[in-house]
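Q: Build the 3D model from these lines:
(one chain, ligands or ions: 2)
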Amino acid sequence: MKRIIAPSFLASNFLQLASEVAMVNESAAEWLHLDIMDGRFVPNISFGLPVVEHIASATKKFCDVHLMIVEPEKYITDFKKAGADQLCVHIEACPHLHRVLEQIHDQDMKAGIAVNPHTPIDFLKDIIQHADVVNLMSVNPGFGGQAFIEHTYTKIKELRKMIDDKGLDTLIQIDGGVTQQNARTLFDTGANVLVAGSSVFKAADPKRAIADLLDA
Ligand code: DX5
Ligand code: ZN
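A: Residues are numbered from 1 along each chain as shown. Ligands and ions are numbered 1, 2, ... in the order given. A predicted model of the protein is given here:
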């Protein structure tokens with residue numbers, strides 16, 4: 001089964017973005033994860049299109065953009081132009097999710113559904129076939145450095161069963177509180193993509209931290 005690490009730049013040093021991207025470029029990470037927060041869907045504001053554009057132009061890695069914003073459909077072409085390879089939108093922010101996923105695919109990007117910790121896996125059953133990835137939030141979105149919510153393991157198992165029962169190849173992504181201590185269990189439980197902010201960028205040796213997450 002596919003195993004991917006996606007370092008989250010929310011925890012990076014924004015004054016040293018060039019060297020932070022260079023570090024990820026040289027690392028075992030296949031993706032990089034960019035968290036967009038609007039101060040409305042989540043109680044925090046992160047960074048926007050110009051930052052995504054600069055990071056995307058400095059890497060050949062897959063740019064996974066996590067939109068924690070209301071009305072994400074308004075910005076799909078903007079993020080495509082900025083260099084995004086994938087847009088993940090929140091099920092809780094999209095009353096017309098099917099249409100939004102289509103709009104993302106129409107722009108030749110991969111499309112993902114992000115779900116908050118309280119959102120049941122059952123809510124995905126009539127839409128999952130239209131998503132390339134499901135981002136299971138393992139913290140309440142809005143901030144880096146939070147503790148992993150243990151109930152996520154139950155949700156991974158339910159989601160893995162749904163994907164396998166339907167014969168899909170949807171990736172399961174885990175976002176929030178991922179560390180070198182829980183990475184192996186997450187992969188073994190059925191996750192494919194681990195997002196890691198603090199446990200990568202705050203590590204003494206970030207490249208090593210990425211390798212350790214992958215080989216945990
Ligand atoms: C949280 C973001 C995460 C965050 C993860 O709202 O979606 O991607 O950057 O940070 P850590 O790994 O520090 O929990
Ligand atoms: Zn994220």
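
Q: ok, and for stretch 22-30, which residues are buried?
A: Met23, Val24, Ser27, Ala29 (16 or more other CB atoms under 10 Å). C-beta coordinates here come from the backbone N, C-alpha and C atoms, glycine included.

Q: do stretch 137-150 as well
A: Met137, Ser138, Val139, Pro141, Gly142, Phe143, Gly144, Phe148, Ile149.

Q: which residues does the residue in the chain that ligand 1 sits nearest to contact?
A: Residue nearest to ligand 1 within the chain (CB to the nearest ligand atom): Gly197, separated by 3.0 Å. Gly197 makes contacts with Pro7, Ser8, Phe9, Leu10, Ala11, His33, Gly144, Gly145, as judged by CB atoms under 8 Å, 6 or more residues apart in numbering.

Q: do Val52 as well
A: Leu34, Ile36, Cys63, Val65, Phe79, Ala82, Gly83, Ala84.

Q: how far is the host helix or strand of it from where the chain is centred?
A: Per DSSP states H and E, Val52 falls inside helix 49-57. The chain centre lies 17 Å from the centre of helix 49-57; the measure is CA atoms, centre = their mean, to the nearest Å.

Q: ok, and does it reach over to ligand 1?
A: No. Using CB under 6 Å from any ligand atom, we find that helix 49-57 stays clear of ligand 1, coming within 13.9 Å at best.

Q: Mind listing what's buried along that helix?
A: Leu49, Val51, Val52, Glu53, Ile55, Ala56.

Q: Can you name the residues bridging to His66?
A: Legend: beta-bridge partners of His66 under DSSP bridges are Asp35, Cys88.

Q: No further queries at this time; thank you.
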